[in-house]
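In: quick one: sequence and predicted model below, then my questions.
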Amino acid sequence: MRVNVGDVMTRTVVSVSGDTSCKDVAEALVAHGVSAVPVLDADAHVIGVVSEADLLLKQELKDRYHHEERRPASRTRPSHPIGLGENGERTHENTAADVMTSPAVTVEPQQATAYATRLMDANGIKRLPVVDRRGRLIGIVSRRDLLRILIRPDADIAREIQEDVLGRYPRQDASTISLSVDRGIVRLTGRVKRRSDARITAHMATMTNGVLDVIDELKWDEDDAPTPQDR
C-alpha cells in the first residue's frame, strides 16, 4: 500500500547548468510553468536549485544595494553575497551557479512519498529533485504530484482495501464485512471475530493511499482488548 517517490515523480525534468545565465533560467521557468529548476554539473549530478525566489531576491538586492559597497544580508545560500566576490571585489552574478541554493534538498525514488512531503514542509519548498544513489538527476517530484495520491478514484481505493486488507481474512470471514468508499471516505460495517481484528482492519484501511477518513462500524464477537489488570 506504500507509494514511493518513483511511483509519482515526473521523469521529464527541466534543468540548467551552472553557467546558464539568470535570464535564461528565468525564461525556462516561465516557458515551462515551473517554480524552480535543478542545476546540474557535467555528469548530471544535482549541485543546487534555482527558484523563482532566488531570482527575485537577486533583483531585489541589486535594486537595493546598487550604489552601496556594504555586504547585504542574504536569505538564500549562494557561494558569496550578491554584488561582492570572495575578496570583496565587485561581481555581476549572472549565472545559475551564482544565485542557486546549494546544497540542494533531494530525495531518492525508493523513499516514501510521506517522507518527501515532510522534506518539502520542513524546508519550505514546493518540489524536490529525485536522484539516484550517485546523486544524478532522474526526475522531480512536486506538491502536485503528491496530491495525485489524494484524488484516487473511489473504485481504486475500494479495490485495494478489498484485496490487501480484507484479503487477509478467510473468504467466509471477509464476506461478513461490507465496504463502501465515497469521495475518499471509507465505511466499514459487519462483524469480525475479535475486537483486535476490527482495529487492525480499520487501521490498515486508513493507511491506504487516497483514504481521507475511515468510519469504523465493525462489530466483534470477542473483546480481546487488554484489561487494566493485564497491563
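Out: Structure's in. What do you need? Residues are numbered from 1 along each chain as shown.

In: check contacts around V130.
Out: For V130, the contacting residues are 5-6, 9, 106-109, 137-141, by C-beta atoms under 8 Å, 6 or more residues apart in numbering. Every residue, glycine included, has its C-beta placed from N, CA and C.

In: no wait, Y115
Out: By C-beta under 8 Å, 6+ apart, the residues touching Y115 are 5, 107.

In: check the one 5 residues further on too.
Out: For M120, the residues meeting the contact criterion (C-beta under 8 Å, 6+ apart) are 126-128, 143, 146.

In: what about burial for these, which qualify?
Out: Among these, the ones that count as buried by 16 or more other C-beta atoms under 10 Å are 127-128, 146.

In: what's the lowest-pLDDT member of those?
Out: For the buried ones among the contacts of M120, the model is least confident at L146; its pLDDT is 90.

In: residues in contact with the helix or strand hosting that residue: which ones?
Out: In this structure, L146 sits in helix 143-147 according to DSSP states H and E. Where contact means C-beta under 8 Å, 6+ apart, the residues beyond helix 143-147 that reach it are 8-10, 113, 116-117, 120, 126-127.

In: nearest to L56, of those residues?
Out: K126 (14.6 Å; C-beta to C-beta).

In: I'd say that closest one and E52 touch.
Out: No - K126 is not in contact with E52 according to C-beta atoms under 8 Å; the separation is 9.6 Å.

In: in JSON lines: the buried ones among the contacts of M120, plus distance to R195.
Out: JSON lines is the format used below for those (distance: C-beta to C-beta, whole Å):
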{"residue": "R127", "distance to R195": "44"}
{"residue": "L128", "distance to R195": "41"}
{"residue": "L146", "distance to R195": "34"}
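
In: shaky segments in the protein?
Out: Scanning the chain for pLDDT under 70 picks out 1-2, 60-93, 227-231.

In: now the strands for it?
Out: Per DSSP state E, the chain carries strands over the ranges 16-17, 36-40, 46-51, 127-131, 137-142, 177-182, 185-194, 213-222.

In: closest one to V99 among the ones you listed?
Out: The nearest among those, by C-beta to C-beta, is strand 46-51 at 6.1 Å.

In: so what's the residue nearest to Q111 when sequence neighbours are not counted up against?
Out: Once flanking residues are discounted, Q111 sits nearest to V5: 5.4 Å by C-beta to C-beta, 6 or more residues apart in numbering. Residues in contact with V5 (C-beta under 8 Å, 6+ apart) are 107-113, 115-116, 128, 130, 141.

In: no further questions, thank you.
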